[in-house]
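Participant: Dropping a prediction and its sequence here:
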There are 4 protein chains.
Amino acid sequence: MIAVLKNGTSQKQIDSLINWIESQGLSVHLSAGEYQTIVGLIGDTTKIDEDLLRSLDIVETVKRISEPFKSANRKFHPDNTVVKVEDTSVGGNIFAVMAGPCSVESRQQVVEIAKAVKAAGATMLRGGAFKPRTSPYDFQGLKAEGIEYLLEAKKVTGLPIVTEIMNAAHLPMFEEVDVIQVGARNMQNFELLKELGRTKKPILLKRGLSSTIKEWLMSAEYIMAGGNENIILCERGIRSFDSQYTRNVLDLSAIPVLHELTHLPVIVDPSHATGASRLVKPMAMAAAACGADGLMIEVHNNPKAALCDGPQSLTPEQFADVMGAVKPLILK
Amino acid sequence: MIAVLKNGTSQKQIDSLINWIESQGLSVHLSAGEYQTIVGLIGDTTKIDEDLLRSLDIVETVKRISEPFKSANRKFHPDNTVVKVEDTSVGGNIFAVMAGPCSVESRQQVVEIAKAVKAAGATMLRGGAFKPRTSPYDFQGLKAEGIEYLLEAKKVTGLPIVTEIMNAAHLPMFEEVDVIQVGARNMQNFELLKELGRTKKPILLKRGLSSTIKEWLMSAEYIMAGGNENIILCERGIRSFDSQYTRNVLDLSAIPVLHELTHLPVIVDPSHATGASRLVKPMAMAAAACGADGLMIEVHNNPKAALCDGPQSLTPEQFADVMGAVKPLILK
Amino acid sequence: MIAVLKNGTSQKQIDSLINWIESQGLSVHLSAGEYQTIVGLIGDTTKIDEDLLRSLDIVETVKRISEPFKSANRKFHPDNTVVKVEDTSVGGNIFAVMAGPCSVESRQQVVEIAKAVKAAGATMLRGGAFKPRTSPYDFQGLKAEGIEYLLEAKKVTGLPIVTEIMNAAHLPMFEEVDVIQVGARNMQNFELLKELGRTKKPILLKRGLSSTIKEWLMSAEYIMAGGNENIILCERGIRSFDSQYTRNVLDLSAIPVLHELTHLPVIVDPSHATGASRLVKPMAMAAAACGADGLMIEVHNNPKAALCDGPQSLTPEQFADVMGAVKPLILK
Amino acid sequence: MIAVLKNGTSQKQIDSLINWIESQGLSVHLSAGEYQTIVGLIGDTTKIDEDLLRSLDIVETVKRISEPFKSANRKFHPDNTVVKVEDTSVGGNIFAVMAGPCSVESRQQVVEIAKAVKAAGATMLRGGAFKPRTSPYDFQGLKAEGIEYLLEAKKVTGLPIVTEIMNAAHLPMFEEVDVIQVGARNMQNFELLKELGRTKKPILLKRGLSSTIKEWLMSAEYIMAGGNENIILCERGIRSFDSQYTRNVLDLSAIPVLHELTHLPVIVDPSHATGASRLVKPMAMAAAACGADGLMIEVHNNPKAALCDGPQSLTPEQFADVMGAVKPLILK
């Protein structure tokens, strides 16, 4: 970490700063230039509060050289994390595919879809029981009942289940859930993250709509700081200036970037990123080709019932087609 | 609301759609063009699930003509909402100024600042007890103890207090708090919003970092749908591609836009938006000049103690200077 | 195209509007709702000035239903455009690979790279002679001399050459250039586009840093309106809020979206998009996997000469490795 | 400027780097830390090519400490630049107001508007003769004829004229124009900027739609590097993720930021930024309140002729009202 001091800083102020830095267990390299004096902080700067340092009267700017995340950092944990989920896993040799309906609507619906996606090669069943909706007037999900149906579908198919949590107070309902999803809007709900850090459940952490990669990893760090290292990252598109043809912009270069920065597995959700079922196949193929550890895909069983055929959902047949196209591209 | 149908839609499918729309209590206007058939939904479309309609097999696009928010909508509530807070208010004839430290650090600190900001003309005391921090390793606030100190400062100065909530489970600690703040990161924490809708407390709802104005109003709608109409909106800067000189971009045109769309009062936080104390004065002046109902400003009492002089905080003297500059610009 | 009229519009005003629309060769569908009157413009609305219509006193909003581009529109030209370039092409059965140095530096450099990229499978040689640089103090390219070196490399290897134009006045120097590139910063330099429309040269049109897909296609339309239909689109990353790990965000979902909207071929430049050589391989693979018609990749011949090994350039060996990885993924 | 070296860099490589830096007329400060070696470049780094340095094999990252612009930099030119325009000026004691129609449509129109805006207090007449339009099918302006009408309006009213250039080849037509405008889309048309640097004409340089403040100043630097220091910056809104209620986001904090960074005057265009005439007044007031050196406002004379009343244009009466509201807020 580097602090650039303001012109006119006195020697006494510099000494006082050095003392403070050393009191934090770091050592100091001083470089006094013609225009600027630069203070290098040497050692483990992870726990230095950057804002605090920047706030010092004598400091012009602070630049971090090393990353502020530690548990999630590949430098301190070179091997890939493999998140075990029942008999399957994410991040190891298996290409994880979580498929299922956006919302759980009925017992029959979810069991049927579970069977279909399993047949096509999915490794887990996803389905929303608690639904974050922009409008309070839109359908909010079946809640506990939805989780119950997912568990029945698991009993029938053996597929582990993934479903979203929106409130730490709901945790008791998630006891049998295999992977707990944190949605994009809650990526910086730090209170929820802390609670999840106290569980041992695998957590699927979606990227926030306008979260930087660093902020995303810091949110993973919140969970890991609590002792839970079973984290799966999920890229699901970021907000941009152009939303005419796709809901968000799928940031696929985040995949190789994350593989460098962290040992945590990264999957991709092309359904939410694009918001268009016909774009799911090419984007799933691209995600596999650039090294994603898996996919999360919306599949719906009843394309004939118009009201349920979400614009970003695939039919089971379309999903099988996507699986066929993706398989030869998987790098593992 | 308009639905544009796909080419090749059969008359039977159109009839079935019309039946469904009418079953929602709406009437229909059909316009069959050379290239497209357009279905207009006439009546109160607030509670129509736009995604559901878009998901229909036969629908190409859906365009909303009227706004999806109702309780917050000025059309249905033409008079300005005045949020009463103890002896003062936001949105009426008073220009509200909430000032105080980013973090409550000690009893003495907060009492001193409260006295100073009151003397300079602040109408409320703000201070953070629970602090959302990007890193789990940064200071997270004094929590309950912080609220206690704020209440003491209120006792001394009479200033009502504003402080942020991060978890609905903490609500009992906020019983004596005058205005509960929802921070930018929790603007779409719908579970928290619902809980706050069940209280009668004034809620200060900050805009999310990349929230559209519509999403922001939908979050206000979440609280209002629960029965709590005491909402103050707070513009605090949005994320952009350029963060070299200011942390965010303060979106001041949102002020007159919101005054058209909603009856709720809108204040501006130039401290967080810019992240730079020397930009607070010009941006506070601009906010007053374009019709803001008030300001939220960070003030710190101890500029000499380098570690506490946050880069976006003003000293009490600087704050008094800002107040002097803003006063002649207030439109009320 | 739909115009929603303001409340309180008189019948006389509506009649006058209908007259004007019909005078533009269109017909009208009127839908008078409880809250709004909607006017549908039926026919070829491509040449209707949307702003003009929106500017009418009585018009609240205008929404375009069909696309404002025509020559570039797949609806009116269903077959893929194949842009012929010497013995090769872009958009047909050949996967186009344009490789070469960011800047042409010397005769020897460019000839050596040309040989190397040809050996590895490139179909064209790219190299910058005129360089758009953010700073006037940075190297601006070898200009005419650079083009001369590229032509020599073409003579030696047979590879057609691609190089960027920044000024229509330079066109005479581009007479022997095979493909003229328009850079991101000039995507809306309409005067330049018009001049290029008067040539018959293949034009490589890069997407502007914050251009929407529609604006990009409208820029293609500028060239096509002049009579030149030999256009190759090139996605090269868009500006986002996060530029810490990649210079831009590569928008790969633009590839399948463009294949739906237009018949023009689309290639991808992973070098500029990411700004990092180690990300070129995964992004080139992803681009091929989602259907790109080709790639543009920076290759430099002299990794030992530190000053020339640009952070986004590959060595010829690395380029050969990328080619080997991409080949099995090509969909053609 | 700081270069952080990669781990494992040899002493020989470091020596070679130091030699190169010193050959550029700079001196070096070396700071060898536990994890990183940091090289500080001391002296005038303005003309160091940052990309070149970053491209060195041994360099991990480069961080600029001082600004890359020099002629535009307030550090080297502390006094405000006053751009003289006929009898008036921008940047001195006069609050500049450039008003007039988006497009020049006829002799009569522009003379009438010129008289009206002069009566209301405008200091210059603006009007578009060459119009950059997204679509090639939209009206492209009256061109030379438009400039002729502007000059006639100048003869009648004495108001200096401001009009946009899109092509350096048109410069001869601009000989009598008082201020030449460079539009947002041409802000990085470096060839045009270089040509304008060779004139002595005042240049109004609009900010690009997604240009950073630094890029904007670098574009000013292009013109100044050619010898022309008569530059007026114009903030006109930047592109964001939300364009539902305003076309762009007016970045008013750029005004005080620019006043710190540069000596050049800065004006604000609320008409283009918001795209809505009813938002021009509050945003003009906010711009004046935060220290803008002037305004550029669209005014149209014929609100009754529906086809001409652009959605962002004011009538002369509305303009006079804005002027009355702005006057008391001017800080000069």
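Facilitator: Arrived safely.
Participant: alpha carbons only for contacts and neighbour counts from here, please
Facilitator: Fine.
Participant: Report the contact partners of the residue of chain A found nearest chain D.
Facilitator: Proximity of chain A to chain D (Cα to the nearest Cα) peaks at A:Phe241, 4.3 Å away. Neighbouring residues of A:Phe241 by Cα atoms under 8 Å, 6 or more residues apart in numbering or on different chains: C:Ser210, C:Thr212, D:Arg239, D:Ser240, D:Phe241, D:Asp242.
Participant: Do I have it right that the last one meets B:Glu215?
Facilitator: Pointing back at D:Asp242 there. No: counting by Cα atoms under 8 Å, no contact exists between D:Asp242 and B:Glu215, whose distance comes to 10.2 Å.
Participant: gap between whichever residue of the stretch 201-332 of chain A sits closest to chain C and B:Pro172?
Facilitator: With Cα to the nearest Cα as the measure, the residue in the stretch 201-332 of chain A that lies nearest chain C is A:Ala286; the distance is 4.1 Å. Counting by Cα to Cα, to the nearest Å, the gap between A:Ala286 and B:Pro172 amounts to 49 Å.
Participant: Spell out which parts of chain A neighbour chain C.
Facilitator: A:210-213, A:240-242, A:245-246, A:249-253, A:256-257, A:274, A:279, A:282-283, A:285-291, A:329 (Cα under 8 Å from any Cα of the partner chain).
Participant: are any of those residues buried, and which?
Facilitator: Of the members of the residues of chain A next to chain C, the ones counted as buried by neighbours, 16 or more other Cα atoms under 10 Å in any protein chain shown, are A:210-213, A:240-242, A:245-246, A:249-253, A:256, A:274, A:279, A:282-283, A:285-291, A:329.
Participant: Show only the entries of those residues found in strands.
Facilitator: With strands taken from DSSP state E, there is no overlap with these.
Participant: Take those residues and keep only those in helices.
Facilitator: Those of these mapping onto helices are A:Ile213, A:Pro256, A:Thr274, A:Pro282, A:Met283, A:Met285, A:Ala286, A:Ala287, A:Ala288, A:Ala289, per DSSP state H.
Participant: So the fifth one is in contact with A:Ala273, correct?
Facilitator: In this case it means A:Met283. No: in this structure A:Met283 lies outside contact range of A:Ala273 using Cα under 8 Å: 9.3 Å.
Participant: Below-threshold pLDDT in chain A: ranges please.
Facilitator: Screening chain A residue by residue with the criterion pLDDT under 70, one finds the ranges A:33-36, A:302-310, A:332.
Participant: those helices in it, which residues are they?
Facilitator: If you assign secondary structure with DSSP H, the helices in chain A sit at A:11-23, A:50-54, A:107-120, A:144-157, A:190-197, A:213-225, A:254-261, A:270-274, A:280-289, A:316-326.
Participant: just checking, which of those sits deepest inside the structure?
Facilitator: The highest mean neighbour count among the helices of chain A belongs to helix A:280-289 (a mean of 28), with neighbours defined as mean count of other Cα atoms under 10 Å in any protein chain shown.
Participant: anything in it near chain B?
Facilitator: No: using Cα under 8 Å from any Cα as the criterion, no contacts between helix A:280-289 and chain B are found, and the smallest distance is 15.4 Å.
Participant: so what secondary structure elements neighbour that helix?
Facilitator: Packed against helix A:280-289 by the contact rule (3 or more Cα pairs under 8 Å, 6 or more residues apart in numbering or on different chains; DSSP states H and E) you find helix A:270-274, strand A:294-298, helix A:316-326, helix C:277-289.
Participant: got the angle between the last one and helix A:316-326?
Facilitator: With axes from the mean of the first three to the mean of the last three Cα atoms, to 10 degrees as the basis, helix C:277-289 and helix A:316-326 are set at 130 degrees to each other.
Participant: what sits up against helix C:277-289?
Facilitator: With Cα under 8 Å, 6+ apart as the contact definition, helix C:277-289 has outside contacts at A:252-253, A:256-257, A:282, A:285-291, C:252, C:268, C:270-271, C:274, C:294-295, C:297, C:311-314, C:322, C:325-326, C:329-331.
Participant: In the stretch 151-300 of chain A, which residue sits closest to chain B?
Facilitator: As assessed by Cα to the nearest Cα, chain B sits closest to A:Tyr222 within the stretch 151-300 of chain A, at 5.2 Å.
Participant: list the contacts for that residue?
Facilitator: Neighbouring residues of A:Tyr222 by Cα under 8 Å, 6+ apart: A:Phe190, A:Leu193, A:Lys194, A:Gly197, B:Ser135, B:Pro136.
Participant: Now with 6 Å, please.
Facilitator: For A:Tyr222, the residues meeting the contact criterion (Cα atoms under 6 Å, 6 or more residues apart in numbering or on different chains) are B:Pro136.
Participant: Give me the distance between it and A:Thr262.
Facilitator: Per Cα to Cα, A:Tyr222 is found 14 Å from A:Thr262.
Participant: Near chain D, which residues of the stretch 201-332 of chain A are found?
Facilitator: With Cα under 6 Å from any Cα of the partner chain as the criterion, the stretch 201-332 of chain A comes near chain D at residues A:Ser240, A:Phe241.
Participant: Go again with 10 Å.
Facilitator: Within the stretch 201-332 of chain A, the positions adjacent to chain D are A:Ser210, A:Arg239, A:Ser240, A:Phe241, A:Asp242, A:Ser243 by Cα under 10 Å from any Cα of the partner chain.
Participant: mind putting the residues you listed in JSON lines, distance to B:Asp79 included?
Facilitator: Written out in JSON lines, the entries for these read as follows (distance: Cα to Cα, whole Å):
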{"residue": "A:Ser210", "distance to B:Asp79": "35"}
{"residue": "A:Arg239", "distance to B:Asp79": "34"}
{"residue": "A:Ser240", "distance to B:Asp79": "35"}
{"residue": "A:Phe241", "distance to B:Asp79": "34"}
{"residue": "A:Asp242", "distance to B:Asp79": "35"}
{"residue": "A:Ser243", "distance to B:Asp79": "34"}
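Participant: Just the closest of the residues you listed to D:Leu233, please.
Facilitator: Proximity of these to D:Leu233 was ranked by Cα to Cα; the top entry is A:Phe241 with 24.0 Å.
Participant: Show me chain A divided up by domain.
Facilitator: As assigned by automatic domain parsing, chain A contains the domains A:2-63, A:74-329.
Participant: Tell me if I'm right that A:Asn301 and A:Ser106 touch.
Facilitator: No: counting by Cα atoms under 10 Å, A:Asn301 does not reach A:Ser106; the two are 11.5 Å apart.
Participant: Which pair of the ones in helices among the buried ones among the residues of chain A next to chain C spans the longest distance?
Facilitator: The most widely separated members of those are A:Ile213 and A:Pro282, with 23.6 Å between them, by Cα to Cα.
Participant: Could you confirm whether stretch A:175-185 reaches chain D?
Facilitator: No: contact check for stretch A:175-185 against chain D, using Cα under 10 Å from any Cα: none in range, with a minimum separation of 16.1 Å.
Participant: quick one: the closest residue in space to A:Ile147 that isn't next to it in sequence from C:Val182, how far?
Facilitator: Spatial nearest neighbour of A:Ile147, chain neighbours left out: A:Ala129 (5.9 Å); criterion: Cα to Cα, 6 or more residues apart in numbering or on different chains. Per Cα to Cα, A:Ala129 is found 49 Å from C:Val182.
Participant: which residue sits closest to A:Ile255 in space, ignoring its chain neighbours?
Facilitator: Beyond its immediate neighbours in the sequence, the residue positioned closest to A:Ile255 (Cα to Cα, 6+ apart) is A:Ala292, lying 6.2 Å away.
Participant: how about that neighbour, phi and psi?
Facilitator: phi -60, psi 150 (degrees, to the nearest 10).
Participant: if I look at it, how far off is B:Ser253?
Facilitator: Distance from A:Ala292 to B:Ser253, counting by Cα to Cα: 41 Å.
Participant: My guess is A:Ile158 contacts A:Ala122. True?
Facilitator: Wrong residue type there; residue A:158 is Gly, not Ile. No: assessed by Cα under 10 Å, A:Gly158 is found out of contact with A:Ala122, at 11.2 Å.
Participant: From the chain's centre, how far out is stretch A:26-34? Work that out for me.
Facilitator: Remark: stretch A:26-34 is offset 38 Å from the chain centroid, using Cα atoms, centre = their mean, to the nearest Å.
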